[in-house]
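1. take a look and give me a structure for this.
(chains A and B)
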2 protein chains.
Amino acid sequence: MNERNSYVTTAIEPSPSLFFDTITGFERTEALKAAIDLGLFTAIGEGHDTAEEIAVKCKASERGIRILCDYLVVNGFLHKSSGQYTLTPDSAMFLDSRSPAYLGGAADFLLAPMMAGAYKDIAGAVRKGGTLMSEEGTVTPEHPLWVKYAQAMTPMIALPAQMMANLVDPTPGLNLKVLDIAAGSGLYGIAFAQRNPSAEIFAVDWPQVLEIAAENARKAGIDNRHHRIPGSAFEVDFGSGYHLALITNFLHHFDLTACERLLKKVHAILADGGRCVTLDLIPDEDRITPPDAASFSLAMLVSTPHGDAYTYLELDRMLHNAGFSRNELRSLSPGGQRIIISHK
Amino acid sequence: MNERNSYVTTAIEPSPSLFFDTITGFERTEALKAAIDLGLFTAIGEGHDTAEEIAVKCKASERGIRILCDYLVVNGFLHKSSGQYTLTPDSAMFLDSRSPAYLGGAADFLLAPMMAGAYKDIAGAVRKGGTLMSEEGTVTPEHPLWVKYAQAMTPMIALPAQMMANLVDPTPGLNLKVLDIAAGSGLYGIAFAQRNPSAEIFAVDWPQVLEIAAENARKAGIDNRHHRIPGSAFEVDFGSGYHLALITNFLHHFDLTACERLLKKVHAILADGGRCVTLDLIPDEDRITPPDAASFSLAMLVSTPHGDAYTYLELDRMLHNAGFSRNELRSLSPGGQRIIISHK
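-> From the prediction side, this is the model:
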């Protein structure tokens, strides 16, 4: 009875915890960044496990290392027992630079001054209704951010790329001419080429970004079937006769009119029976679920003039207006990435 | 069986969630700050509940307000239903500027450039083993940060101050001469004066900080029993014959030697049978629990030359070395603030 009462009291009494947790969020960001920059996770992964040993390895003070390590234990990135630190399974997988799934590059991208800087005056962006960065924000032609993005996100994209290829090309072997719009790392197109030996990939992005996609195609051993179309997706000549067009993490940067213009162009270059696959962070119609997709709108507000995380109904309407006859919404992962398969 | 399997898989598969959650923590900090600066919570508290109405009230774009509000719903600060936003009980209590418990000032303090700036190069502070700010960091004499602190933290201190006074002076009425070291808002000393009509409070802090304490004493109606001792606690003359000395949130700024020096000085000015009450964020001996106290060390690393969140054993030793005969550790709140009552 007492326990029940105390539970009820706790549940209904207002608490400042969420406020303090959120207002100090930048401290945890900075601490994690510091640990990555110091090579702290890699040092511990290698077996250096006391503050003294880690300090030697990371060329830092023992006092500083002890305090940072304890902070990382409190925040779930390390374990501590009898003064010895060890990596959690997550940290071993994603934060030890020797792991193939290492995410240090993603930290560089997300905290790059041009990206993080967009968040410095959210109030200003809310007043204006769009980015306060240069006129076009991150959608400025050949913005160097996208080279960083293509490099940083590679470890995150391999799995969804494979899942998309399996879903969209379930019986590989038939001829498949694929247009990979805003290719970035190139991995989405490359996954189709790896699965289907008849697939030819035509990747569209800024020239310097395509260097990275081409390098990934070479590593995957499919560079003889990987072709570059450098330039703006809105302006370059795509060619024609495509069986498949991929539009991955791209539409959210633009307003409805620009999206429809691009989708019409895509519709026109597809062969009869061709399909367009749109991958995006697609929130539910309430715009507050699922969390990752719903909160992504803010990133577009602060970094682009008119971008948004579009709901399925909005995308369905755009695709319909562009001429597609039928759209299917599919979940790519429990994490919330979704694709729309549109039929010409 | 299937559910069990899927649970096990989820539990053991490494996930990048914590990494992404933490590396984007600064975005949530900035969004909350923006909402406070725009007066968004107050506007909703007043009954403006659609993006359109809130935008008019906050002088912002409807699109920006819609995106920010949805983001705040995702992060637990607002509710949304049929396009209408309402405050959560926590937001109504702490983020509506019309509430007496409003925490907007705490946001100002925690995000003030001089405080937040200390976190900009944590890796550097870890290498050095102390703050990279000016030589003495936030413990520079008359640092203007402490005026802001005294103003900002008032709503947070009223309750623990009252709890401390109840605990330490259970049978008020006897003469009580109280030295309130690093008084800040003055509320700890003031709580004793409010409880005990015979209490006289002598508050020590920088002159400009004492202005705020004096103002709070006036508001509490005890200014005739509230006296100022402006200057450094290490250097000013405290007087003598005190029954009680309060050292609240202060020792963590200094190294062991400086702490002992101050505690000896305090021991000397106490009357026979006098007590010293140290309030601090006191982590357990493992230094990783409770979370708030354990993670506080990092704040001291980046903002002071030698400060730390000391454990009870460390404080017990300092107090013993300073001459105190006996120390009692008491919990002030479930939140983790603790006090040590030391007997002369």
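2. pop out the phi and psi values for A:Arg287.
-> Backbone torsions of A:Arg287, given as degrees, to the nearest 10, read phi 60, psi 10.
3. A:Asp205 too?
-> Phi and psi for A:Asp205, reported as degrees, to the nearest 10, are phi -170, psi -180.
4. who are the contact partners of the nearest residue to it once chain neighbours are set aside?
-> Closest residue to A:Asp205 apart from its sequence neighbours, by C-beta to C-beta, 6 or more residues apart in numbering or on different chains: A:Ala183 at 4.6 Å. All C-beta atoms are positioned from the backbone trio N, CA, C, and that covers glycine. Contact analysis of A:Ala183 by C-beta atoms under 8 Å, 6 or more residues apart in numbering or on different chains lists A:189, A:203-205, A:209-210, A:213.
5. neighbours of the residue nearest to A:Leu38 when sequence neighbours are not counted, how many?
-> Nearest non-adjacent residue to A:Leu38, counting by C-beta to C-beta, 6+ apart: A:Cys58, 4.6 Å away. By other C-beta atoms under 10 Å in any protein chain shown, the residues close to A:Cys58 number 23.
6. ok, A:Cys58 touching A:Asp37?
-> No - using C-beta atoms under 8 Å, A:Cys58 is not in contact with A:Asp37, being 9.6 Å away.
7. compute the distance between the residue nearest to A:Leu38 and B:Ser82, please.
-> As judged by C-beta to C-beta, to the nearest Å, A:Cys58 and B:Ser82 stand 53 Å apart.
8. where does the stretch 201-344 of chain A dip in pLDDT?
-> Applying pLDDT under 70 to the stretch 201-344 of chain A flags residues A:334-336.
9. now for the contacts of A:Ala183, which pair is the farthest apart?
-> Longest distance between any two of the contacts of A:Ala183 is 12.8 Å, between A:Gly189 and A:Val209; criterion C-beta to C-beta.
10. the more surrounded of those two?
-> Taking other C-beta under 10 Å, A:Gly189 and A:Val209 do not tie; A:Gly189 has more neighbours (33 against 28).
11. is the more buried one in a helix, a strand, or coil?
-> Of the three states, A:Gly189 takes helix according to DSSP: H, G, I helix; E, B strand; the rest coil.
12. which residue packs closest to it, ignoring adjacent ones?
-> Looking at A:Gly189 with C-beta to C-beta, 6+ apart, the closest residue is A:Asp180, at 3.4 Å.
13. who's that neighbour bridged to?
-> With DSSP bridges as the criterion, A:Asp180 is bridged to A:Ala203, A:Leu246.
14. repeat that for A:Val277.
-> Going by DSSP bridges, A:Val277 is paired in beta bridges with A:Leu246, A:Ile341.
15. could you check how far it is from chain B?
-> With distances taken as C-beta to the nearest C-beta, to the nearest Å, A:Val277 is found 24 Å from chain B.
16. show me what contacts that residue?
-> Per C-beta under 8 Å, 6+ apart, neighbours of A:Val277: A:164, A:168, A:244-248, A:339-342.
17. can I get these in a markdown table with neighbour count?
-> Output for those, formatted as a markdown table (neighbours: other C-beta atoms under 10 Å in any protein chain shown):
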| residue | neighbour count |
| --- | --- |
| A:Met164 | 25 |
| A:Val168 | 20 |
| A:Leu244 | 22 |
| A:Ala245 | 26 |
| A:Leu246 | 30 |
| A:Ile247 | 25 |
| A:Thr248 | 24 |
| A:Ile339 | 23 |
| A:Ile340 | 22 |
| A:Ile341 | 18 |
| A:Ser342 | 28 |
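18. got CSV for these, with distance to B:Thr86 too?
-> Below are the contacts of A:Val277 laid out as CSV (distance: C-beta to C-beta, whole Å):
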residue, distance to B:Thr86
A:Met164, 39
A:Val168, 42
A:Leu244, 45
A:Ala245, 43
A:Leu246, 41
A:Ile247, 37
A:Thr248, 37
A:Ile339, 34
A:Ile340, 33
A:Ile341, 38
A:Ser342, 38
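19. nearest spatial neighbour of A:Cys69, skipping sequence neighbours?
-> That would be A:Tyr85: by C-beta to C-beta, 6+ apart, it lies 5.1 Å from A:Cys69.
20. that neighbour belongs to a strand, doesn't it?
-> Yes - with three-state DSSP as the criterion, A:Tyr85 is part of a strand.
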